[in-house]
Every structure is written in C-alpha cells, then in structure tokens.
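Participant: Provide a 3D model corresponding to the input given below.
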Amino acid sequence: MYLLDASIYIFRAYFSMPDRWFTPQGMPLNAVYGYVATLLDLIAQIGPQPLLAAAFDESLGTNFRNEIYPGYKASRELPDEALAFQLKACRQVSEDLGISCYAGPRYEADDYIATLATIGREQGYAVTVVTRDKDLGQLLRKPQDRWWDLSASSEIDRHAFYERFGVWPEQFADYLTLVGDNVDDIPGVQGIGPKSAATLLQHFESLDALAGAIDGVADLPMRGAAGAATRLQEGWEQVLVSRQLATLHSEVEGVCMPDRLSISEAQRDSLTSRLAAWGLPSALIRRVHAATRAGE
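Facilitator: Next up, the predicted model:
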C-alpha cells in the first residue's frame, strides 16, 4: 500500500522548478510540471496496478488543531492565486490518473495518510509512505513499513528511523512535543533539544510515564537535567496541548480503502488533453503515454 503525501511534492516543485511554463491565461505551471514528473516516476517504480492513494493539504487555518491552539501553523501564508491554481490542478491530474485522492477542511494530509495506513494494516498490507515529512515517520509501526522520499531516493524502516532520531516511531509525537516544531508552530519545552528529548523518552518511554516521574528528570545523565525538570513541571499544561498538535489523527471519518491504480485509455486521454490545453510541453505528455501504457 503506497500513500503519497502529495502536497509536499507540489511545494517542492513550486519552489525548485523554474517559471518556464504558463497556461494561455498566464498562470504558472512549474509545480504542475514537477508534480506530474514525480507521479510518473512513482508509477514507474511501484509496478502495475498498485494500491495507491494521494492526500492533499486543504485545511490551513481550518484544521481541528487550530481549535486547540490558534497559533498552529499561524506563520504560514495562505496560497496566492497562482499557487492555489496549481494545487487544484495537481489534484485534478491525480484524479485524471484514477488515483484515490483525500483532502478536507478539518484534517491534514498527514491525518488522512495515518487513517489509510491504519485501514491498510488491518487488512494485512505493508505500508509505504511516500513523503519528505519526518512527522509521517510516526506511521512506521510494522517491520515491513517504509518511509520513502521518492525525490531523494531515500528509504528507511522503523529501525533506521530509530537510528536517525533516537526514538521509535510510536514515540515520535512525544518527541516533537518536547522539542517543538518551528515549521508547524508547535511550541516545545524551552531548553529541551533533540538529544535531551531522546534521552527522556529512552528512559521514560512516553509522556504518560514521564508525567508521574518528573522529579526524576533532575537525576538523568543529560545536560541541564535540573532545569529541564523545572520547566516540565511549570509548563506541563502546554506540553499536553502540544502533544495534541503533534499526534496524527488516524480515524478520519468517511475514509475507506483506495482503489488499485488501473489507468484506462479514457483516463490517459483526459490527462494528456488537459496537459496540452494548459500548455505543458509535448515531452511531458509523451512521458505520460509511455508511463501509463507500461502499466497496462
């Protein structure tokens, strides 16, 4: 089961690809070009008729986490007209290919992916999350699960994740709670960095266990242990709020198993016609034909 964190690859293309392609109305297409290329690379590598879903972020400012903490992702600006056009266009491309797509105003792409991963595991599937986002490492719950950054050709399992962060995937939400996340505007605990957070979770295993033994933090062999104990005691209410922000929601209502990807001639024609109408180059359209025919 392959779960694509679509938005992160759209943004990567938007900020890295040159403004070389435009619609007849003058809208930029650099993100669309890069995203389509990424989709074609993905389809080429995962084989015929894979179980594939794509999740998109459409909840900036309306996510349930904003009800818990209004400052969540507050530093991010809403997409301007040009980017909004490309975000919508990329979802249209995915739907044209017959990829099951998930998004909504209340939950983030990560929550849809977490829910799909849970459903897939219940039916016996190994889960591969296609992303560049470390937060989705939380989903590496089984030995066969993988976190795969397609663009960097980087793939890790839960053991490699532990080697990288010093905590297991199921501890990662607690880890983010302690260190904070500037990208998502999640406040951490002042003075607790990655090494200290890993030490705490290696010793206590979870925030629940830590809650009843904060006095013992001062005795741990880590730098600033006494100060960390004080700050944890004084800021525990904020810790619990941050934990709600960092934890993925894995029971999004209405989400069901995606369909296997089987691209029909009509779907291929719809996509290539759309790309041509937008003004994307014929070389990319030929790649669409080649990649989708290969999977037949």
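
Participant: low-confidence ranges, the chain, go.
Facilitator: Confidence mapping of the chain against pLDDT under 70 gives the ranges 293-296.

Participant: again, only this time at 80
Facilitator: Along the chain, segments meeting pLDDT under 80 span 291-296.

Participant: list the contacts of the residue of it most remote from its centre.
Facilitator: The centre of the chain is farthest from one residue, D219, which by CA atoms, centre = their mean lies 36.7 Å away. For D219, the contact set (CB atoms under 8 Å, 6 or more residues apart in numbering) comprises A225. (Each C-beta comes from the backbone N, C-alpha and C, glycine too.)

Participant: which element, helix or strand, includes Y9?
Facilitator: Y9 belongs to helix 6-16 when assigned by DSSP states H and E.

Participant: so what's the gap between the helix or strand following that helix and the chain middle?
Facilitator: Downstream of helix 6-16, the next assigned helix or strand under DSSP H and E is helix 30-46. Relative to its parent chain, helix 30-46 has a centroid offset of 17 Å by CA atoms, centre = their mean, to the nearest Å.

Participant: can you check stretch 105-123 too?
Facilitator: 11 Å.

Participant: show residues contacting it.
Facilitator: So stretch 105-123 is contacted by 1, 3, 5-8, 51, 53, 55-59, 62-65, 102-104, 127, 129, 131, 133, 135-136, 138-139, 141-142, 145, 248-252, 255-258 (CB under 8 Å, 6+ apart).

Participant: so what does the residue farthest from the centre of the chain look like in phi/psi?
Facilitator: The phi/psi pair for D219 (degrees, to the nearest 10) reads phi -100, psi 0.

Participant: please apply the same query to the one 5 residues further on.
Facilitator: With angles defined as degrees, to the nearest 10, G224 shows backbone torsions of phi 70, psi 30.

Participant: let's number from 255 now, not from 1
Facilitator: Let's use 255 as the start, then, which means that last one is G478.

Participant: that one reaches G447, doesn't it?
Facilitator: No. Counting by CB atoms under 8 Å, G478 sits too far from G447 to count as a contact (9.4 Å).

Participant: sorry, back to before: can you tell me how far the residue farthest from the centre of the chain sits from V493?
Facilitator: Distance of D473 to V493, computed by CB to CB, to the nearest Å: 20 Å.

Participant: about what we covered before: filter the contacts of stretch 359-377 down to just the ones in strands.
Facilitator: Mapping those onto strands (DSSP state E) picks out 257, 259, 307, 309, 356, 383.

Participant: can you report how many residues lie near W490?
Facilitator: Other residues within reach of W490, judged by other CB atoms under 10 Å, total 15.

Participant: I'd say it and D462 touch.
Facilitator: No. The pair W490 / D462 is not scored as a contact, 12.0 Å apart, by CB under 8 Å.

Participant: right, and I297 touches R541 too?
Facilitator: No. I297 is not in contact with R541 according to CB under 8 Å; the separation is 10.4 Å.

Participant: give me the more crowded residue out of the two.
Facilitator: Between I297 and R541, I297 has the larger neighbour count (other CB under 10 Å), namely 22 against 16.

Participant: OK, contacts around that one?
Facilitator: 304, 351, 515, 545-546, 549.

Participant: thank you, goodbye.
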